[in-house]
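Student: I would like to see how this sequence folds:
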Amino acid sequence: MADQETITVSEYIAEQERLEKEARELFPKKFDICSNSMGYIRQPVYSCLTCNPNPSEEAGFCYSCSISCHGEHNLVELFTKRHFRCDCGTKKFRETKCKLDPKPEGSVNELNVYNHNYLGRFCWCDIQYDPTKEESTMLQCVVCEDWFHDTCIGITPHGDDFDDFICRTCTRAHPFLRKYAQHPLFMIGLSEKGSASKSVVMVDCSKKTSKDSKGKEIDKKDEKNEEIKEQEVDVVSIEMTTTASVTTTATTTTATATVISDLSEQTQELQTVSHVKRSLETTVEDAAEEHDAGSSSSQNKRIKMEAGTCKLENQPEDAYSDQEMNLFATEGWRELLCQCVACMAMYTKGNVQFILGEEPVYEDEEDDDAETSILESGMKKLNEMDRVKMMDGMLAYSKMRDEIRSFLMPFSEQGKTVTADDIQAFFTAKMERRSSQGSKPNFF
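Tutor: Below is the predicted model of the structure:
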């Protein structure tokens, strides 16, 4: 008896309260609806190493099924996966049946795509993930959604300096991403091809400089100012050219009027001068209208050209084509991506059309009862019951409390330890008595 582990009632209550608090933190959302009926959506996904330990058995399931159907299994949290439908209860699981949404026998989600994450392995190193031993920080690629150790990535910026990570595997598979890489919204992690795939240099494009026409280095802000000044000079040149044209026309017309006035009578001269004046006014108006029309036409042409221009073609050539490239993107980088017809077709062909915008993630509803204890939840349910049933329940609870107290009293008086066998014997006797009473009313 001395070697038997004992626990006091107060210790037991304290342990239950600790477990309740831990459960509230781990499972703050409701877990009573399987997401399978919602189809292929982006959602938090879990994998079960107990049910699918082999490469041919990769499968995943939703948050609710991770608790309701696999709560006692060895699970791996994969976080968000796009275009995924819950596998729980499908052909992927031979033994485990879905308790929330029974599926037809032999059903399978043919459009689900799996990788080594579903077997508990991550990163290029393909190491089995162990949360008790893992010390590295892991980053999820926004394209392939695999997770990578910062030590395997190599050099990484501070976590607050970027919003999204794109791994070198994806920049290799989708070369168009590399062409946008030199924009100030990106930082580039470079590594030599064929090496240990460790980044050896970091390029912060937001701090890159360029040279002006005199060879002087200017930053991006100064470069933008230079472009604005050049545009202003062009506008002034156009206005000066137009003014000169109008002045020349006016001079020529006046000279013609002078010749006519020398060859005609005074009356004819006056008529000619009047005619020349009207011609001059018409000429000036025509020139102004022509200038305005030209400007409008030029502007419309520029707008049309901008609408039809491919942003990707206007990007600089890949300056690091001989190196592997990880990308660290800051907010707004998706807006840089071209959406012309050709680029949209390229995204669809590469199955990366999702890259154009933030994707909505399905989340289970918050559990309003998550912050309440079992006692508080029980009292809430009791108050929601029919009054007659509530009174019957209270009487049954009162009788049970008195009988348990009477059962435990001798142990307290004699200083004896209550064992699991004692508790089992107590409830077995009560169940036998209840069975012998048949349909007779019995509160306990």
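Student: contacts only, for residue 355.
Tutor: Neighbour list for residue 355: 142-143, 334, 337, 347 [criterion: CB atoms under 8 Å, 6 or more residues apart in numbering]. Quick note: C-beta positions are derived from backbone N, CA and C, even for glycine.
Student: mind giving me a markdown table with those residues and columns for pLDDT, neighbour count and secondary structure?
Tutor: What follows is these, written out as a markdown table (pLDDT from 0 to 100; neighbours: other CB atoms under 10 Å; DSSP: H, G, I helix; E, B strand; the rest coil):
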| residue | pLDDT | neighbour count | secondary structure |
| --- | --- | --- | --- |
| 142 | 96 | 21 | coil |
| 143 | 97 | 22 | coil |
| 334 | 95 | 14 | helix |
| 337 | 96 | 16 | coil |
| 347 | 96 | 18 | helix |
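Student: which one of those is nearest to residue 105?
Tutor: Distance ranking of these against residue 105, using CB to CB, places residue 143 first at 36.0 Å.
Student: what about the longest strand in this protein?
Tutor: For the chain, the strand with the greatest residue count under DSSP state E is strand 75-84.
Student: now that strand: buried residues?
Tutor: Within strand 75-84, the residues that count as buried by 16 or more other CB atoms under 10 Å are 75-76, 78, 81, 84.
Student: JSON lines for the contacts of residue 355, including distance to residue 203?
Tutor: Shown next, in JSON lines, are the contacts of residue 355 (distance: CB to CB, whole Å):
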{"residue": "142", "distance to residue 203": "20"}
{"residue": "143", "distance to residue 203": "20"}
{"residue": "334", "distance to residue 203": "20"}
{"residue": "337", "distance to residue 203": "20"}
{"residue": "347", "distance to residue 203": "25"}
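Student: and which of those residues is nearest residue 381?
Tutor: residue 142 (43.6 Å).
Student: how much space separates that closest one from residue 156?
Tutor: Separation of residue 142 from residue 156 (CB to CB, to the nearest Å) stands at 15 Å.
Student: quick one: strands adjacent to the longest strand of the chain?
Tutor: Under the criterion DSSP bridges, strand 75-84 sits next to strand 41-48 (antiparallel) in its sheet.
Student: need the next SSE after the partner strand, C-terminal direction.
Tutor: Next in sequence after strand 41-48, counting helices and strands by DSSP states H and E, comes helix 63-68.
Student: give me the mean pLDDT for the strand or helix carrying residue 148.
Tutor: Element membership of residue 148 [criterion: DSSP H and E] is strand 147-149. Mean pLDDT, strand 147-149: 95.
Student: likewise stretch 200-208?
Tutor: Mean per-residue pLDDT for stretch 200-208: 78.
Student: C-alpha coordinates for that stretch, PDB please?
Tutor: Extracted in PDB, the C-alpha atoms of stretch 200-208 (Å, rounded to 0.1, in the frame of the first residue of the first chain):
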ATOM      1  CA  VAL A 200      25.100  32.900 -48.700                       C
ATOM      2  CA  VAL A 201      24.000  36.500 -49.400                       C
ATOM      3  CA  MET A 202      20.900  38.600 -48.800                       C
ATOM      4  CA  VAL A 203      19.900  41.400 -51.200                       C
ATOM      5  CA  ASP A 204      17.500  44.000 -49.900                       C
ATOM      6  CA  CYS A 205      16.000  45.500 -53.100                       C
ATOM      7  CA  SER A 206      14.400  48.400 -51.100                       C
ATOM      8  CA  LYS A 207      17.900  49.800 -50.500                       C
ATOM      9  CA  LYS A 208      19.400  49.200 -53.900                       C
END
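Student: just the buried residues of that stretch, please?
Tutor: Buried positions in stretch 200-208, judged by neighbour count with 16+ other CB under 10 Å: 203, 205.
Student: next one: stretch 159-178
Tutor: For stretch 159-178, a neighbour-count test (16+ other CB under 10 Å) marks 162, 164-171, 174, 176-178 as buried.
Student: can you map out the helices along the stretch 51-200 of the chain?
Tutor: 63-68, 150-153, 168-173, 176-179 (DSSP state H, counting those that start in this stretch).
Student: from the buried residues of stretch 159-178, which is closest to residue 30?
Tutor: Distances from residue 30 to these, taken by CB to CB, are shortest for residue 164, at 29.9 Å.
Student: what's the burial count for the residue nearest to residue 149 when sequence neighbours are not counted?
Tutor: Spatially, and ignoring its direct neighbours in sequence, residue 149 is nearest to residue 136 (4.1 Å; CB to CB, 6 or more residues apart in numbering). Using other CB atoms under 10 Å, the number of residues around residue 136 comes to 14.
Student: format the buried residues of strand 75-84 as TSV; extra columns: distance to residue 382.
Tutor: Shown next, in TSV, are the buried residues of strand 75-84 (distance: CB to CB, whole Å):
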residue	distance to residue 382
75	34
76	39
78	39
81	41
84	40
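Student: tabulate those in CSV, adding columns for pLDDT.
Tutor: As requested, the buried residues of strand 75-84 are exported to CSV (pLDDT from 0 to 100):
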residue, pLDDT
75, 92
76, 92
78, 95
81, 96
84, 96
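Student: picking that back up, was I right about the residue nearest to residue 149 contacting residue 150?
Tutor: Yes: shown here, residue 136 and residue 150 form a contact pair, counting by CB atoms under 8 Å, at 5.6 Å.
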